[in-house]
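A.B. asks: Build me a structure from this.
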Amino acid sequence: MKSLLQVLHCCLFVLLLPVCLNAQEEGFLRMGNYSGINGIILNPATPVAAYPLNWDLNLASSSFFVQNNYAFIYNTSLLDLSRNYDNLEEFSSENTAGDLNQGLFYDFADGNQTDKFIYNKNLIGGPSLLINLAKHSFGIFTNWRTHIYAGGIDPNLAFPDFDNQVFDESFPVKSFDLSMAHWTEIGLHYGHNFNEQFSAGINAKILQPRDAFFLSSKEDFELIKASNDTLYFSQVDIDYGFAHNFNFENDTYQRQTNGNGFSFDLGVNYILPSSNENKAYDLRLGASLLDIGFLNFNSNSQTHNLSSAEQIWIHADDFRFIQNDADLVELISEQTLGDVATSSTDASFALFTPMAVSLQADYSLTSFLYVNAQWVQRLKFTDKTLARTNSLSIAPRFESRWFELGTALTIFDYKEIIWGASARLGFLTVGTENLASLFIPSTFNGTDFYVALKINPFSFGSSKEGRFASKKDKKKKIKNKHLKAGPSVSCPKF
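C.D. replies: Coordinates of the predicted model:
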């Protein structure tokens, strides 16, 4: 019989794999001068500072990212996995290395004295509009978001290490926390161009919380594996809570808001103008605060505390008869505290949104070639925070009105280097920050993909300017947009 922890591992891995795919910061979708309404997510001052067109309408966009050091799949890529997902199975002691060439297997990473983590975020952008006037930009946007964070997980809880623990001997487990949430948001944007060089912007977002879960182990504790199905804890202090819309009686998900919330983004841009008439600028610098706010769950929600100075135990067999969430929390409370109702503490809770500070720099090498650098650092002040990933990237790109192509080198959470690429053709952008994971079979522990479709000013007919719009017009728009709006741009003649 599988151990309790292994069952939890397998459930988490199978649940996350098909849905937890979200681009980390969707760099190319946010950094370019033609990013328009999509650029406000990284810095709300970008459109009014650099967007050379009068309006931008996002029809739909989606981004997916997952990265972890807890579990992996042998010798596969996202393309292979999408074709053979139904054949995925656990690599067990009965398998041999030769089996890896015959099937699709997942496994769990060793502890290796390294804290374990799982990061995911998913953003689907709905219809969103940007209006770009002479000195002002206005916008409205809608997003559907999911965010999952589990960090600082003790290496002793990595399944291979846990499985090798000797029965009835205690081992230490460091404090850790995890959180996840699903919400929708409707936001308003405003940007202002103060002069030829300095601009600022803000996004204000009304949030509609849907589902959430958090767990925080406040202190280190001792854990004893009495058997493969029974665990003993000593001196624990754990808070957890959840809110959800799942109806256990008829096995359906009911779409409804379970509270309220608010967040905002702030950004500034500073442009160093160029003496070259064909370049829009020499250097564009940006700084922003992202997702400063909260999600307040006060419907279909509950919180609990498991705190005891004495030894408590969890027996896996008792959980086989669980029918709903009420059964689950009552059983946990009874097993840990001796009473089905003792653990309950409140009927509401709040989570901080995935706050971050970001710095950006965009250097113009020529009229079409740029090098962009981005730094995103999470802000986490409490355990009840949807923690963001840290990233540091450098990304050269070719950019014109109708075509863009770039590549990026990213240091993910200061741990791992990944390489990505992106392309924009007309109104369609596709990209990834982890290109190898899409096509090259290897140890698969994360992937990334994003796509966006939008429209903005265009006209059909011949164009005497050639295949690409004039950089002089673009520079004139950026330098003088505090005086007047720039001209619309003709479609290229193919």
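A.B. asks: so what does the top strand by length along the chain touch, helix or strand wise?
C.D. replies: As assigned by DSSP state E, the longest strand anywhere in the chain is strand 198-217. Using 3 or more C-beta pairs under 8 Å, 6 or more residues apart in numbering; DSSP states H and E, the elements in contact with strand 198-217 are helix 46-50, strand 177-193, strand 230-243, strand 259-272, strand 283-297, strand 349-352. Every residue, glycine included, has its C-beta placed from N, CA and C.
A.B. asks: Check the offset of that strand from the chain's centre.
C.D. replies: 12 Å (C-alpha atoms, centre = their mean, to the nearest Å).
A.B. asks: what about this protein, any weak spots by pLDDT?
C.D. replies: 1-28, 459-494 (pLDDT under 70).
A.B. asks: So which residue is dead centre in it?
C.D. replies: K121 (2.6 Å; C-alpha atoms, centre = their mean).
A.B. asks: In contact with that residue: list those residues for me.
C.D. replies: K121 makes contacts with N22, Q24, F65, R145, T146, H147, I148, P354, R388, T389, as judged by C-beta atoms under 8 Å, 6 or more residues apart in numbering.
A.B. asks: From P44, how far off is it?
C.D. replies: For K121, the distance to P44 equals 19 Å [C-beta to C-beta, to the nearest Å].
A.B. asks: swap in F352?
C.D. replies: For F352, the distance to P44 - C-beta to C-beta - is 20 Å.
A.B. asks: So which of those two has more stuff around it?
C.D. replies: For F352 versus P44, neighbours defined as other C-beta atoms under 10 Å are more numerous around P44 (31 against 22).
A.B. asks: Now that one: phi and psi?
C.D. replies: Per-residue torsions, P44: phi -70, psi -10 (degrees, to the nearest 10).
A.B. asks: residues near the spatially closest residue to it that is not a sequence neighbour, how many?
C.D. replies: Take P44 and drop its neighbours on the chain: the residue closest to it by C-beta to C-beta, 6 or more residues apart in numbering is G201, 3.3 Å away. When counting by other C-beta under 10 Å, one arrives at 28 neighbours for G201.
A.B. asks: who's G201 bridged to?
C.D. replies: Taking DSSP bridges as the rule, G201 bridges to G191, G267.
A.B. asks: Check the contact between it and V48; I expect there is one.
C.D. replies: Yes: at 6.0 Å, G201 and V48 qualify as touching, with contact defined as C-beta atoms under 8 Å.
A.B. asks: which residues are common contacts for those two?
C.D. replies: In contact with both G201 and V48: S137, G191, H192, N269, using C-beta under 8 Å, 6+ apart.
A.B. asks: so after the longest strand of the chain, what's the next helix or strand?
C.D. replies: Using DSSP states H and E, the helix or strand that follows strand 198-217 in sequence is strand 221-227.
A.B. asks: quick one: secondary structure of the residue nearest to the centre of the chain?
C.D. replies: Under DSSP: H, G, I helix; E, B strand; the rest coil, K121 falls in the strand class.
A.B. asks: which residues does it bridge with?
C.D. replies: Bridge pairing for K121 - DSSP bridges - gives F65, H147.
A.B. asks: where's it relative to T432, distance?
C.D. replies: 15 Å.
A.B. asks: And for E249?
C.D. replies: From E249 to T432 the distance is 41 Å (C-beta to C-beta).
A.B. asks: neighbour-wise, which of the two wins?
C.D. replies: With neighbours defined as other C-beta under 10 Å, E249 and T432 compare such that T432 has more, 29 against 7.
A.B. asks: Tell me who's in contact with that one.
C.D. replies: A23, G420, A421, S422, L438, T447, D448, F449, Y450.
A.B. asks: Just the residues you listed: which are in strands?
C.D. replies: G420, A421, S422, T447, D448, F449, Y450.
A.B. asks: List just the nearest of those residues to R284.
C.D. replies: S422 (18.5 Å; C-beta to C-beta).
A.B. asks: partner residues bridging the closest one?
C.D. replies: Beta-bridge partners, per DSSP bridges, of S422: G406, G431.
A.B. asks: Now the two most distant members of the ones in strands among the contacts of T432.
C.D. replies: Pairwise over the ones in strands among the contacts of T432, using C-beta to C-beta, the maximum falls at S422 and T447, 15.0 Å.
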